[in-house]
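> Task: produce atomic coordinates for the following.
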Amino acid sequence: MSNNGKKNNLSEREKLNCRDVEDRAKAAEKRCYDPLKKLADCNGDYLYTFKHRTKTTEKIINKAEDYRKDNPTHTFDPYKITDAWACRYVLLSQEHIINIFQKLISLIMTDSPVDDIDSPFKKGSLEKLVIYDNRPKNDPLAITPKIEKILSDGGFNIDPDRIVTGAKESGYSSVHIVALVPVKYVNLDRGETPDDVPVEIQVRDVFEDAWCEFEHKMAYSAKDDREGEDRPALSDPIWRQHLNVFKVFVDGCSLYAALLHQNEKRYSSFEGPKSDSAPLTLPEEDRDYVVSILRKQKADSNVIAMVKSSYDQLKKVQEQRLKLADPSYQMLVRKFAETIEACTGHLDNKSRSGYSVRYFLESERLLALMKTTDSELPEGLEDGYKKLFSEFPNDPILAFRKGQVLCQKTELEDYILAVNVLEDALKKTNSLHRPPHIRDEGLNFLRDAIPVQIGLACGLIYEKYLKTKPEEARKYWDKGVQCNREVIQRYEDEWQEALNRVSPDHCRVLGRAVNNLLDFFFDKEKGTGTIGACIFNNRTPDWDEDRVKQLLVCLCHPHLAEYCGEYSTQDTIMVAHAFLGERDLAVGKAVTIMDELHNRAKSYSGSTGGIQPSSILGHLKSNDERSCYKRASEIQLLLTD
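Predicted coordinates:
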């Protein structure tokens with residue numbers, strides 16, 4: 001039955017207010033729908049559907065009358081309705097709730113675009129966050145702790161009273177967000193009026209959505225439409241029993257979908273291209289970003305052609321998997337430098353996501369410059385990254401590169417700065433400000449590469465502090481061990497499978513993590529002495545010979561052959577054999593290292609003939625080269641019969 005025959009108990013003024021609420025909601029819809037629908041389209045891989053609706057004046061009046069009927073001594077204010085306009089993201093799994101929540105909360109709490117989408121919300125206007133979770137916090141599939149971590153990592157200053165967590169008796173799982181949208185609409189009394197209108201966004205999985213639609217249709221929608229009064233079956237307890245049984249079935253489906261997603265994510269996290277160097281971004285996508293900006297600025301066609309040519313050359317170099325110091329990198333440096341020169345006048349033009357032409361072109365020039373050598377720091381590299389990083393301090397790629405550069409220097413303050421920069425970069429890989437041009441594989445790479453680089457920096461600080469500040473040294477030793485250990489533990493149970501699937505560059509990162517961890521173990525045994533002096537000493541209580549053997553097996557895996565062939569990795573393997581009492585193997589590695597560094601010294605000197613062993617150290621360029629040569633010489637001398 002319709003409510004046409006029922007006498008309304010609202011005054012005409014109150015009914016006009018309800019109509020005004022609908023008008024505000026329509027204005028909010030006009031502002032919100034396009035960006036929020038675009039966000040749904042950009043995340044279609046895990047989205048089932050996107051829904052939205054606006055409450056009609058009739059429904060708002062019904063809501064007001066029902067409230068007055070149930071609360072005769074209270075006044076109902078229709079302007080306090082928070083879901084006059086509402087939308088819902090229906091996802092394939094509860095695991096995906098976190099993905100879309102990250103982006104929504106970023107749009108609400110910051111003024112930064114997400115997925116190149118401008119925010120429709122008033123900045124920082126989170127009115128209410130309700131997290132319904134049907135799992136305890138210690139359950140790996142629980143969404144509450146993951147959302148709390150997102151809020152913590154984002155550094156948002158949110159009033160705790162605005163956040164509600166808990167479970168419904170029905171076991172319903174969902175996230176409800178209420179935020180304000182600034183609009184202008186025609187008010188019946190005041191004409192065109194600016195206002196901040198609350199809207200509600202719901203995020204839940206497809207199974208919860210099915211159950212909720214069913215329950216809502218039976219109870220809540222019937223009540224809104226005034227049909228429920230003529231449907232006595234709704235009050236029959238048997239219907240609630242059916243709903244409860246249906247809910248148990250739906251929960252099982254939801255749990256199974258979440259487990260399937262976790263398994264798929266675990267598998268895909270190993271995936272990586274086999275033919276390139278797993279770039280953090282794709283050349284063709286970066287090219288398209290730059291070309292799009294230039295076309296909007298009506299840049300000359302010859303300039304656009306130069307940009308395309310530079311990225312074509314970059315892609316070819318990546319596909320060749322060249323070693324460091326290959327002449328192709330120097331050619332790439334010149335190519336991008338010429339392109340940057342040609343783009344003068346357009347370099348500071350930016351995409352909607354805030355990244356400029358200069359960012360894309362200069363990033364590639366600097367990375368190519370970094371690869372022109374495998375020893376000393378190339379001239380201009382540090383200053384180049386410093387300038388670019390100052391302009392884009394929230395970019396995790398630039399922060400990672402800056403950390404790499406700082407670790408190639410020699411001063412303690414550089415290493416400490418590297419740790420700070422890299423720790424901040426690691427937060428950004430899990431934050432709400434992910435740059436849209438970073439590919440998923442690149443982000444997975446950074447999440448392993450950054451902790452490993454932090455571990456390397458901690459090892460350098462440990463060496464600097466060891467004699468003067470042993471307590472500080474121990475803190476950095478602990479931090480370095482933890483960073484590398486966490487990366488290794490993510491893959492160690494399936495080491496073979498991981499190395500089969502990840503890209504060559506990602507393999508190097510995992511190899512470096514093992515290398516770093518072994519170095520930390522050896523540093524602990526060595527203390528303030530030398531490797532040679534402690535080889536024959538008793539081991540410390542922390543020494544774990546079985547663990548060292550396990551790590552050595554991991555490091556010497558065939559997929560890490562290229563990485564293990566480098567002199568610095570050979571150095572770690574040599575020391576491991578020496579500590580394990582494998583004298584012949586240690587001496588063999590020492591000879592290999594000395595031969596490699598002898599050839600380097602000869603190349604650096606420019607001599608066509610031989611050079612004397614006593615002058616090798618003087619010709620080597622980096623501290624790392626000199627340290628490895630001295631260590632190899634010491635072990636060869638000590639262990640040769």
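> only C-alpha atoms for contact and neighbour calcs from this point on.
OK.
> what sits against the most centrally placed residue in the chain?
By Cα atoms, centre = their mean, the chain has its centre lying nearest to T429, at 2.7 Å. Applying Cα atoms under 8 Å, 6 or more residues apart in numbering, we find T429 in contact with 396, 443, 446-447.
> How many residues are close by Y67?
15 (other Cα atoms under 10 Å).
> From the contacts of T429, pick the one nearest A40.
Of all the contacts of T429, A40 sits closest to L443, with 20.8 Å by Cα to Cα.
> Which positions within the host helix or strand of that closest one qualify as buried?
According to DSSP states H and E, L443 maps onto helix 440-465. Within helix 440-465, the residues that qualify as buried are 441-465, counting by 16 or more other Cα atoms under 10 Å.
> helix or strand right after it?
As assigned by DSSP H and E, the chain's next helix or strand after helix 440-465 is helix 470-491.
> and that next one, what's its mean pLDDT?
Averaging pLDDT along helix 470-491 yields 93.
> Equivalent analysis for stretch 301-311, please.
Mean pLDDT, stretch 301-311: 93.
> CA atoms of that stretch as PDB?
Below are the C-alpha coordinates for stretch 301-311, written out as PDB (Å, rounded to 0.1, in the frame of the first residue of the first chain):
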ATOM      1  CA  SER A 301      56.200  18.400 -33.500                       C
ATOM      2  CA  ASN A 302      60.000  18.000 -33.800                       C
ATOM      3  CA  VAL A 303      60.200  18.300 -30.000                       C
ATOM      4  CA  ILE A 304      57.600  15.600 -29.500                       C
ATOM      5  CA  ALA A 305      59.500  13.400 -32.100                       C
ATOM      6  CA  MET A 306      62.700  13.800 -30.000                       C
ATOM      7  CA  VAL A 307      60.800  12.700 -26.900                       C
ATOM      8  CA  LYS A 308      59.500   9.600 -28.600                       C
ATOM      9  CA  SER A 309      63.000   8.800 -30.000                       C
ATOM     10  CA  SER A 310      64.600   9.100 -26.600                       C
ATOM     11  CA  TYR A 311      62.100   6.600 -25.000                       C
END
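> Would you indicate which residues of it are buried?
303-304, 306-311.
> Identify those among those that sit within helices.
Counted as lying in helices by DSSP state H, out of these, are 303-304, 306-311.
> what would those residues look like in CSV with distance to E215?
Output for those, formatted as CSV (distance: Cα to Cα, whole Å):
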residue, distance to E215
V303, 60
I304, 57
M306, 60
V307, 57
K308, 56
S309, 59
S310, 58
Y311, 55
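> now, among those, which is nearest to G380?
Taking these together and measuring to G380 by Cα to Cα, the closest member is S310, at 20.5 Å.
> At which residues are the helices of the stretch 151-300 of the chain located?
Taking DSSP state H, counting those that start in this stretch as the test, the helices found in the stretch 151-300 of the chain are 206-218, 220-224, 237-268, 283-296.
> The last one packs against which elements?
Using 3 or more Cα pairs under 8 Å, 6 or more residues apart in numbering; DSSP states H and E as the contact criterion, the elements in contact with helix 283-296 are helix 301-320, helix 357-370.
> Kindly recompute the last result at 7 Å.
Packed against helix 283-296, as judged by 3 or more Cα pairs under 7 Å, 6 or more residues apart in numbering; DSSP states H and E, are the following elements: helix 301-320.
> I'd like the next helix or strand past the helix it packs on.
Downstream of helix 301-320, the first helix or strand assigned by DSSP H and E is helix 327-342.
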